[in-house]
Every structure is written in C-alpha cells, then in structure tokens.
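Undergrad: The sequence and its predicted three-dimensional model are supplied below.
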There are 4 protein chains.
Amino acid sequence: MAGNTFGNILKVSTFGESHGVALGGVLDGVPAGIEIDFDAIDYDLQRRKPGQSKITTQRKEDDGVEFLSGIFEGKTTGTSIGYIIKNKNQRSGDYGDIAKAYRPSHADFTYDQKYGFRDFRGGGRSSARETAIRVVAGAIAKQIIPDTSIKAYVSGVGELKLKTPYNEVDLTKVESNIVRCPDTDMADKMVNLINEVRLAGDTIGGVVSCVIDGTPIGLGEPVFDRLQAELAKAMFSINAVKGFEYGSGFEGSKLRGSQHNDLFNLDGTTKTNNSGGIQGGISNGEQIYFNVAFKPVATLLMPQITIDQNFKEVELNPKGRHDPCVVPRAVPIVEAMAALVLADYFLINKTRRI
Amino acid sequence: MAGNTFGNILKVSTFGESHGVALGGVLDGVPAGIEIDFDAIDYDLQRRKPGQSKITTQRKEDDGVEFLSGIFEGKTTGTSIGYIIKNKNQRSGDYGDIAKAYRPSHADFTYDQKYGFRDFRGGGRSSARETAIRVVAGAIAKQIIPDTSIKAYVSGVGELKLKTPYNEVDLTKVESNIVRCPDTDMADKMVNLINEVRLAGDTIGGVVSCVIDGTPIGLGEPVFDRLQAELAKAMFSINAVKGFEYGSGFEGSKLRGSQHNDLFNLDGTTKTNNSGGIQGGISNGEQIYFNVAFKPVATLLMPQITIDQNFKEVELNPKGRHDPCVVPRAVPIVEAMAALVLADYFLINKTRRI
Amino acid sequence: MAGNTFGNILKVSTFGESHGVALGGVLDGVPAGIEIDFDAIDYDLQRRKPGQSKITTQRKEDDGVEFLSGIFEGKTTGTSIGYIIKNKNQRSGDYGDIAKAYRPSHADFTYDQKYGFRDFRGGGRSSARETAIRVVAGAIAKQIIPDTSIKAYVSGVGELKLKTPYNEVDLTKVESNIVRCPDTDMADKMVNLINEVRLAGDTIGGVVSCVIDGTPIGLGEPVFDRLQAELAKAMFSINAVKGFEYGSGFEGSKLRGSQHNDLFNLDGTTKTNNSGGIQGGISNGEQIYFNVAFKPVATLLMPQITIDQNFKEVELNPKGRHDPCVVPRAVPIVEAMAALVLADYFLINKTRRI
Amino acid sequence: MAGNTFGNILKVSTFGESHGVALGGVLDGVPAGIEIDFDAIDYDLQRRKPGQSKITTQRKEDDGVEFLSGIFEGKTTGTSIGYIIKNKNQRSGDYGDIAKAYRPSHADFTYDQKYGFRDFRGGGRSSARETAIRVVAGAIAKQIIPDTSIKAYVSGVGELKLKTPYNEVDLTKVESNIVRCPDTDMADKMVNLINEVRLAGDTIGGVVSCVIDGTPIGLGEPVFDRLQAELAKAMFSINAVKGFEYGSGFEGSKLRGSQHNDLFNLDGTTKTNNSGGIQGGISNGEQIYFNVAFKPVATLLMPQITIDQNFKEVELNPKGRHDPCVVPRAVPIVEAMAALVLADYFLINKTRRI
C-alpha cells in the first residue's frame, strides 16, 4: 500500500527526504474557485520553520513553497495542486558516523529491516522535515472551511502542565511567545526548562492542545470513520506522537455517567462539553478539543552507545544542531492535520443528503 | 463516503442496527487456505456478549454467527467472507419515550442533524451492538498472523488503576474474573465498584490495556499510515473511546530524551521499550502495548432532563437493563480491532520487497 | 486487496458463492431519506432471474432479497444497507466430474492457481450468480438519481446485429420480448438463433447496448477517474464481457476530426453526439450510450476434452441446464453497474464546489 | 473525490497543466531495492514526445524528468518517488480566441460547467500533456515486473487496419517506422494517410494494440477488480479513448461457445487464446492482448463555428501546430498504463496466500 497519501475526498500525497533535492505534495480534491491566501500559508510555514527562535534547532531550512499547478489567477481550479519545497542544504557529507549506526529510538533500524535499505542522510523520509509539506496542505484546507477556526498551543513541556481549561485559554496569546503557550507565566517557565535541557545536550517531550471552533454539525462517518478516529489517525501520523485524547479524555474514564453526560440546553447546545464536540462519531457543533502527547526528540547532543548495521557496538557522538523540544514547532503541524481532516469530512458530508 | 468499511488489503464492511433483522459483515482479502478455528471466534463472541456476568447488562442477545460464504470445507477460499448475526429481540415497542427525546451524550441528536432522520430503536446503528461484527472479523484476523498474540485486559475502572507495568502483568489471569483484570485483588475492587455504581443506577468509565507479542518487524507504512496511526484510528472507531496512548504515552511526554531513548542490545532488540514496539511508524519486533480510555456509558437508570426533537424539555426515566461499565466487554473488541490492523499491515508488508 | 468492493462514496461490498448458504452485499453511502421502491428492485431481479423464458437456463433460483439494515419505515437512514439472497438449491452432489476437471474457458484453472484452492461447486464465487447482488444495489442506485433513466437492451446475438442507432431505438419495447431487443423483427430472429444454438447444446455471444438519459452535466473526475473510465471498469467487472465502447466507439477511430467533432447549438447542447455524452471525462448533458460485448457462455452441453487438476486428460460430458446466450439476462446487470457508477459520481460531484 | 490518483498498492498521483510551471507526480508503493534504468524512462518519454517526426505535432516540449525523492544511489528506497517535468513554453498569449470559445469536442465546456471556472491555457489539466507523467510512472512500473514485456503498436489509422493477428506480429519492428506499425507496408500507407489528413488541416483516429508477454498466473482480484476491469479503466483514463476490447473482443461476441472455448494442453496452457490471457478475471499465463480505439484529435486547422462562454456564436480559426493523429504517440502511453496495472496487481497478488 502507498502510505504517503492522506484523506478521502480531499487527499494529499507527499514525497521527499530531508536531504534530497526537494520535498513536495499533490493536494487533490480542493473545490474550485477558492481564492488562496498565500500569506496564510507562509504564516504557518514560518511557525513550523527551524531556527525561528533560540529554543528550536538552529538548522537552516528555506521553506519557500513553489506552487506548480491547480491555482490559476489566484484561485483554485478544482484540479490537483502540485507544490514543492526545495532543499538547499544537501550536505550528505555530514552523516559519516550515522550512516553506519542505528540511532536509538530513531527509525534507522526499522527502515533498514523493512526495506533492506536505508537512506542515512539525516533520517531520509523519516525526518520531520516532511511535515512542512503537510503544513502547506493544511493551510489550504483551513481555507476550505473558513468559518471554522483551528488553534493549537503548547500546554505541556516535561512536567510543566498548563492547568487552564481549553475554554478559558486566551488563544490570541499563543503567538506572543516563542514556546506558543497562551499563559505568559507558564510560557516563561517552559522556555527556561527547554533552555536548561538544551544546554545539557538533552531533549524533552511535551503536549500540544488544539481547540476547533465553528465546526458545522454533522461531520463524521460512523461506524469506522468517526470524526475522532480520523483525527486520531491524523495526529498519530505525526513524528514523535505517543498519545491522543479528546473531550474528557483519559480523565473522563474516571468519571461516572451522571458526572460526564452533557445535558442539553433548549437550543440543542450542551451545558457541558465532556463530549469534546463529537457524539456518536459526529460533530455536534460544540467546540472540538484534544491533546496530543509528543515524546522527547531522540537525537541527543551527548554520547550514546548503540549498534551499527552489522550489530556491532558503536558510540554515537553527535555534534551541532538539534531540537531540544519539538512542541513549539509542532503547533502548526497539529493544526494542519486537523484542518485536513475537517475539510475532508466537510466535503464528504455534502454527499449524505440529496 | 462509506464509513462502514475498515482496512486496506484486509477489509471489513459492516451493517446492522441494534433492533433490525440482523447485523453482518463482509470480510474481504483473507488469504486462501487458512483453516478456521470456529471455537476461537465463538470464544471472543462470548467474551463480548451481554449478560455474561452480574456486572454487565442483563440484556439477552444471541450472538450466534452464521457464515454465508468464503469458507469451504473449513478453510478460507480467498473470496469474501459474508456473515450475519440475527437479532432475536426486535421489540421496538420498548422505545416509546426515547423515540422523541435526545438522550444526553448519545448519538441521537447528531444522527438526526446529519441524516434528517433517526432510527430510534435502541440507538440503531450507533448502538454498540455492531461491535459483535467486529469481534468476528477480528477473531479471523488473529488467525492470519498466528504467531502474534494479542491480549487485552482491564487496567482501570473509575479511579481504580492497575499500576503493574504491561510487561509484568500475568496475562493468563485475565479471564479468571468477570472484570477481566489480571490482578485478582484489583479485580475484586473493580467488581465491587461497578456493583456499587450499578445499584446507584449510574455508570462508570475505565481503561483497557493491550499487549501484542510476536509482531513481525517491519509492519507500518510511513509517513501517514504508520502502524500506531492505524491502531489509533481502529480504537477511536469503537464506541465511547476518549483516549489512546502507546508505549510511554502521555507519561513519556514528561521525560527527557536521555531517559526515554531505548538503547539497543547487540541482537537488535532494545533494553527498554518506551517506543512501545514501534519506531518511525514501523514495528521493531518488541512488544506493542497501548491503553484505551472509555468514557462512562451514557444511558443511566436515573431521571435526566433533556430535550426532544422539537427542542422541548422532557424528562427521561429509563427502566430495565443497562451496562454499568463497558470495559469488561470491551476487552475482546479492542483485541479485534488491533488484530484487523495487524493482519492488514502484515499483508501489506508482503508488497514492499520483490 | 479486497476486490469485492466497488465504488467510492457509494460503495457496495459483496459476497457469496453459487452453492453456498447465501449471497449478499453491503451498500454503503446511500444518502438518507430516500423512499425505497421495492417493486423496482424486484422488477430488476426478475429480469435477471434464470428460468424466466425458454431461451435462458431452466435452473431454478429464488432471488428473493431480504434487507437486514439501513432502511427504516421504508426510507434509507444513511447507514449501510445489508441484504442477502439465500440459495435454496445447494446440491453439491451435482458436481462430481467437474470437481476434478478444469472446464475450458472457465475460472477453474486460474482460481486454483491463484488461491491454491478451488470451490468446485458450480463455479463458486466465479459464478454469475453473484450478479444478483449487483442488481439489487443498482436498483437502489437508480433511485438516488431519479431524473436519470438508464435503459439497456440487446443489440446483437452472434452475427445478428441491430443497426438502428441508439437514438432511434424505441426503448419502451425492450421488455416486449424475451430476448430484450427493442426491434420486434430482429427479436424474433435472435430468439430463433438462440433456440437453434440451444438445441445444438452450444452457446452464443452477444452485445448489450445502454442509453442513459438525463445525466446531470459535470459528472466525472479527471484525469484518472473519468466517467467513461469508471463505466468501463464497471462493465468489465461483469462475467464474460470482452469489449466496451462508448459514443462513436471503435467506428469513431476510423473518422476524421471534421466528421467526428460535435458542434454546439446555442444552448450548449450539441448537434451530434459522437462524444457519447462525455467530453474530457465529464458528462456534458447529452445522452450517454455504450455497447458491451459478451463472449459465448463457456459451459456447453456437448462433450469437451480437457484436463483435471493433475493435468491429466479427461472428457467433460455435462448434462442438464445451461444458458445458451447470456445477453437477455445481462440487460439488468449492465443497467445496475451503470447506475452504481452514475450515482457514485453524482454524489462525488457535490464536493467539487463549496 | 480526488480523481488524480491511480492504483492501489502501487499508486501514482499526478498534477499539472499544459501551460503551468510544471507537471509532476508521486509514485508510491514501489518496492525497495530496484535499480532504476533511467535510459528506459527516457526512451519511453522520447516516444511520447511531440515533434518527434513529421506526422506528429511540431510543438516543442522538453520532457526532461527530474526525480526529487525516493531513489538513492540509483535504487528505489521504498518511499514515495516525486518527480516533475517543467514547462518551458508558457505562452498564455497564444490562446486569445480560445480563452472565450468552447472548442467543439474538447473539455472546455464541461470543465467550465463542473468547476465554474476554466483554465483556458491550451486545455489546462485536460491537455494530453499530463500523459508524460504517466509515461514516467509506467516506465518504472515496467521495472517492477521485469520478466513481463509490454509492447504496444499502431494497428489502425482511419480505415486502414492491420489484419495480422497479435501473435503473428513482429514486435521488433514497431519502432522501425514513425507511425509505430510493425508491418512496413501498412506503416507506409498509414504515414501517407496521416500526411494527407495533416495537409488538409484535419485529424484522424486510430487503434493501438498491445501484447503483454510473461504475465505471472494469478493476477486479478474478482469479482470487481478483475484484471481486465482495471486495464479497461486504465485505458479509458487516457484522453480520446473510445473503445477497449481484449482477447476475442467484439468479434468474440459473434462466435459460438464451441468455437470460442480455449481447450487446454496437458501443461495447463491453452491451444487457442480467445480468452486473451485472462479467465474469470485472473491471468492464466497466456499472452494478454487488447485493442484501444482513439477518436480523431478535436483541434483542427480549419475554421469551425462554435459558441463562447456567453453562449454566443463565434468562429474558431486556429493556426499553427497540431497533432493530425494521436496514435503513434499514444503507444508508450498505453504501455505505461498497462504497466501500472500489472505491477499493482503483481504486488497485490503477493497478499493472497500466507
């Protein structure tokens, strides 16, 4: 099967390795006549870009996207949108040691076992660089459902956890700091923690939360293609994701039904929102919210003992640039994948009544 | 889109409402020549069946499956396997009140909004009765990858949480008690809690954990169709699921890379297993383990104020049978969906090398 | 891959062997709220049924369909429609010789080679009996696009060919004779020819033509999923089909552009219709018409020398019932597959503009 | 739905307009470790290229393909292969008149009606220029099943028809003349006819035949995804195709079963091959052969009366370059689409037995 395609009616197919010529995608199924906001695409790419602040990797990437088709005189034509992002730094010379070693908790070992072959240049296809292509597709997807707002933010770094509920967070403050946490005090603590970790040559995990407002009622295709099922798949398709919960989530499993049920108001909205905007796999018009857990980045700037492809012990001693914590840059990626799901299901839902 | 189909090479399409004539499925893509163990299918159905113990609903269902095709002289033929489970109790008379009311945190409201139409008979298609069809498909899927064992168990009921790590649990004890918790002491506490909740007419959530042993190396199709992404989708396609985490999960997001990385042994296995058996979206041969959070069942045996389809306030006062806690019966459902994913990806992986 | 599913938004998955317990299907993606005309379904089934006249097989089949889900109070609910047709005659005893022999130009040899296994009971899954399930799905699909009429008829039997152009045929006369040719004189000749062939224990091929009226403009999804491409796939998925042409077809390849181009009228319709109602893969609102060539049935009532599964020479000497010419009964099957394509593409087309 | 993706396990997604920046594709699902023969790709592209001889359009295109991913050190890595072909001539100025007019038998009208929008630059997405991207994918697909040879040739131009049976044609002579007909005398006649048509500013249709040798037994996924069904879809996805027949084809529909049945030899091969290498939807190891009918190109170098987007009458008076007959350049396109189907089904077939 071809695992590089995501979506049904709205479908993106991607390609590209971290150190190849270019990465790219084909976004198909976009309705015709949408006037593309290119600044919005660039804005999301900038938020994903390496080197954007002192707490992200200082690696330089030029994430300028070139559109090759599907847009004419600024509007979508209904045909497939092809686009690429060129790699400017293709220094395969950097990767001497890594070429032989299996880095712990990376994809080196599994790719080699699966394909009998390994592109050792910086992770190849398994590098998170491919997510830039998702961000472009997601930024277009957001424009398909314009009354819906999809906003993600960092709610956890290591043991630090933002306790403010999703519906009390001030989403206008997410971009006010480099860690993308909407609480300024917590943001400072998170930045300090990431810096401390960075100086130690270590990395740390975190949590991205996402709030979706204005979802039309009726999105979701039970029994298998429930809205939350596709959202979950979308999130777990992102590098380093280890957990996903929506609505009341894992905490909800501790409650009783009498505490958990969302009672109706007389207009069909609900008094509470433990359901997280989805009931029976279908959006009910309330806010959709979810948390995504990311593990710490596996690449450390400290020595690690590992094995090479001949199963001999070797020491890794990496130098240079790394991302001490992935969550600040994961914010636009989470949004992009959520947007792809919502736009796809929005289009699918048009087919359920004549 | 047709949301009632799951899988790629191995594909199941299902149908059926809780109070219709029958439920059923088409399981397609099963390799030819597999000798079907019908007792194993029946065993899994028995574990899902209502009325199996005092802590599940006392509703009577006869989950006898009839195979209609695809199996000849006890072996799969390579053609699609059709099967049905008949509904014996089609008492639509039971549902007078519910026919007009939207039950809180059920799918009544969203189905009505989406389809302009509602089958009010006990939830119709949104009833968890459809999972019986998944259990049959999953029980066959398990037989496609026979060296792989997939074992789920209850690790949480309400605030009660089994703290034993996945790899220290005695999986042979899961079926030794009615709550399906492998720790006998914890099982007793869970049974007592569920009973207490049941007598109060209330319900309670819980967590099912699953351990998969013997997965071949190489299953998973990056970048989108990672093994964990499909597992996540599979789990969130089950009624009442609110959270999924694999490997280190949400706890892993609190760790540092130096704590989290799984170092290699000289044979390619790893010393720890925070990765949960999957690296870069591809199985690495270690145990796959994950947790699935279930919310409390929405149907309560106590009065609730709600609205009806005319958005008028009504009181629900349900009587009779209900499931106070879904997780004991969810164990075989989690296994079934995991088996469908693993068998599908096992077959897909045959195509990645010539 | 699971080859027993057809369609995208509207999707049918089928199962069943000629001599198993039952055949059936799951039709998913039907919009909600359609009032089902069950008589129309029965009408199409009757037209496909064996034993309907002296020129078809005298084999008895009871093609009564049972709907198991997806329809409530006579209307579609938007959920998957499950249905079965039971086999009443499961006389596996009939097939002694055939169980060992590979019948010439049947699927016996290829199934055995592919699956390492063979259900020898009357062809098993390769029997045309499975088309009854398609006819049910197609009869429902016709009701999704009610202003579109899909009418097929027999235009050729052996060397006999109806020369009347598709737009001069009187489609109201198709059902006026047992061969389903709308020209009464030609119908008589065809019946006589089939009878002559039948008495000789032989079989004969033929051609089914189809005219679709009232197709909305805009159906078709270039570049790969052109409307004609999906129609072609649909027709070649039917047993015994060897050729498909639409519009000017093979004859059109002999013409010059100045002869072939369809000039426009001032209302956007065209003066001629060599395009067959499709331009650039998208319906243009003109009539869609096409021809489907069927080979002669492979089962003969005369001795044939063949080989068995040990590659030893054996003589086949079949007795009893056979279809001397398949095209009269293929008429509703062609219509059904065309309807599935059109309804699917009709639903897909709803997603191409916001 | 996204109509720009073809295939299942082996899947190509394409994009690009005739006068945009570039065309391109993502070929996903290619097994790892295949050493790519780039000359073979170039060879097929050269055969499709405009301006290759006096009987094709003199339009200049530079069909140099750039591979952007998925190939490392000359071998496939198992990840998606991205590639582009740049457009060098983007002279939108050429298309003044055409920008307003609907050209007869082109896709102008239907695209405008479907998408509410039209890219008038030389046909945009509906231009046959997109087939260059298919040829690249097909040339790689051929390398996945190396023992299988796929050879197409021109067997008809207008009324001229090569009568030599498929199995008596000398396939080594196809490339010995510019019309790609393996019979030299007939080739001369065809060239003369095309030249005559070209000088008249007219165009003419034709037939491409294809012979596939060495197909493994067992490819094809009944009941819907029969090998011939997918081949038919593949061919009808090509611009200008009006008919497809395989094996005995339309002529076979005139025969009796006693004439048509292919009797077995003692080694499982057949004495005749009316089945065209496929029985019951599954390849039987004999040669697969089929014919594809192409209509005459719609663009004429003579005046035509038509309508514009305001449904007003206008005269088209095109100048310059056009393709008088498409079939010589269609030969590699037919091969490419056939190769994509065969390689896809070859990979799928690996999953049918454990």
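TA: Thanks, I have the structure now. Treat the numbers as computed from the prediction; the structure is a model and nothing was measured. Numbers count the residues shown, from 1 in each chain, chains lettered A, B, ... in the order given.

Undergrad: Could you tell me the average pLDDT over stretch A:207-216, please?
TA: Here stretch A:207-216 scores 98 as its mean pLDDT.

Undergrad: Just the buried residues of that stretch, please?
TA: Of all the residues in stretch A:207-216, those buried under the rule 16 or more other Cβ atoms under 10 Å in any protein chain shown are A:Val207, A:Val208, A:Ser209, A:Cys210, A:Val211, A:Ile212, A:Asp213, A:Thr215. No exception for glycine: its C-beta is placed from N, CA and C like everyone else's.

Undergrad: near chain C, anything from it?
TA: No - Stretch A:207-216 lies out of reach of chain C by Cβ under 8 Å from any Cβ of the partner chain, never closer than 11.9 Å.

Undergrad: Show residues contacting that stretch.
TA: Residues from elsewhere that reach stretch A:207-216 (Cβ atoms under 8 Å, 6 or more residues apart in numbering or on different chains): A:145, A:147-157, A:161-162, A:166-167, A:169, A:171, A:277, A:283, A:285, A:287-294, A:327, A:330-331, A:334-335, A:338, A:342, A:346, A:349, B:250, B:253.

Undergrad: List only buried entries from those residues.
TA: A:145, A:148, A:150-157, A:162, A:166, A:169, A:277, A:283, A:285, A:287-294, A:327, A:330-331, A:334-335, A:338, A:342, A:346, A:349, B:250, B:253.

Undergrad: Just the ones in helices from those, please.
TA: Among the buried ones among the contacts of stretch A:207-216, the ones falling in helices (DSSP state H) are A:Val327, A:Ala330, A:Val331, A:Val334, A:Glu335, A:Ala338, A:Leu342, A:Phe346, A:Asn349, B:Phe250.

Undergrad: Can you add pLDDT and distance to chain D and give those residues back as a markdown table?
TA: Output for these, formatted as a markdown table (pLDDT from 0 to 100; distance: Cβ to the nearest Cβ, whole Å):
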| residue | pLDDT | distance to chain D |
| --- | --- | --- |
| A:Val327 | 97 | 26 |
| A:Ala330 | 98 | 22 |
| A:Val331 | 98 | 26 |
| A:Val334 | 98 | 23 |
| A:Glu335 | 98 | 22 |
| A:Ala338 | 98 | 19 |
| A:Leu342 | 98 | 17 |
| A:Phe346 | 97 | 14 |
| A:Asn349 | 96 | 14 |
| B:Phe250 | 98 | 30 |
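
Undergrad: still on that earlier bit, secondary structure and distance to C:Asp188 added to the buried residues of stretch A:207-216, as JSON lines?
TA: Shown next, in JSON lines, are the buried residues of stretch A:207-216 (DSSP: H, G, I helix; E, B strand; the rest coil; distance: Cβ to Cβ, whole Å):
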{"residue": "A:Val207", "secondary structure": "strand", "distance to C:Asp188": "79"}
{"residue": "A:Val208", "secondary structure": "strand", "distance to C:Asp188": "75"}
{"residue": "A:Ser209", "secondary structure": "strand", "distance to C:Asp188": "76"}
{"residue": "A:Cys210", "secondary structure": "strand", "distance to C:Asp188": "71"}
{"residue": "A:Val211", "secondary structure": "strand", "distance to C:Asp188": "73"}
{"residue": "A:Ile212", "secondary structure": "strand", "distance to C:Asp188": "67"}
{"residue": "A:Asp213", "secondary structure": "strand", "distance to C:Asp188": "70"}
{"residue": "A:Thr215", "secondary structure": "coil", "distance to C:Asp188": "63"}
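
Undergrad: Tell me the secondary structure at A:Lys114.
TA: Classification of A:Lys114 by DSSP: H, G, I helix; E, B strand; the rest coil places it in helix.

Undergrad: Neighbours of the closest residue to it other than its chain neighbours, how many?
TA: In this structure, A:Lys114 finds its nearest non-sequential neighbour in B:Gly218, 3.9 Å apart by Cβ to Cβ, 6 or more residues apart in numbering or on different chains. Other residues near B:Gly218 come to 22 when the count uses other Cβ atoms under 10 Å in any protein chain shown.

Undergrad: need the contact list for A:Ser69.
TA: Listed by Cβ under 8 Å, 6+ apart, the contact set of A:Ser69 reads A:79-82, D:15-17, D:20-24, D:125.

Undergrad: do A:Gly220 as well
TA: Contact partners of A:Gly220, counting by Cβ under 8 Å, 6+ apart, are A:Arg226, A:Leu227, A:Gln228, A:Ile278, A:Gly280, A:Gly281, A:Ile282, A:Ser283, A:Tyr345, B:Gly3, B:Thr110, B:Lys114.

Undergrad: Of those residues, just say which sits nearest to A:Pro104.
TA: Comparing those against A:Pro104 with Cβ to Cβ places A:Gln228 closest, at 32.6 Å.

Undergrad: which one of the ones in helices among the buried ones among the contacts of stretch A:207-216 is nearest C:Lys189?
TA: Checking those one by one against C:Lys189 (Cβ to Cβ), the nearest turns out to be A:Asn349, at 52.8 Å.

Undergrad: So that closest one sits against A:Leu219, correct?
TA: Yes - counting by Cβ atoms under 8 Å, A:Asn349 sits close enough to A:Leu219 to count as a contact (5.4 Å).

Undergrad: how about A:Leu231, phi and psi?
TA: Backbone torsions for A:Leu231, taken as degrees, to the nearest 10, come to phi -60, psi -40.

Undergrad: What distance do you get for it to A:Asp225?
TA: Using Cβ to Cβ, to the nearest Å, one gets 11 Å for the distance from A:Leu231 to A:Asp225.

Undergrad: if you count what's nearby, which of those two comes out ahead?
TA: Under the criterion of other Cβ under 10 Å, the comparison of A:Leu231 against A:Asp225 puts A:Leu231 first, with 29 against 23.

Undergrad: Please identify the nearest residue in space to the more buried one, excluding sequence neighbours.
TA: The spatial neighbour of A:Leu231 that comes closest, neighbours along the chain excluded (Cβ to Cβ, 6+ apart), is A:Val341 at 5.3 Å.
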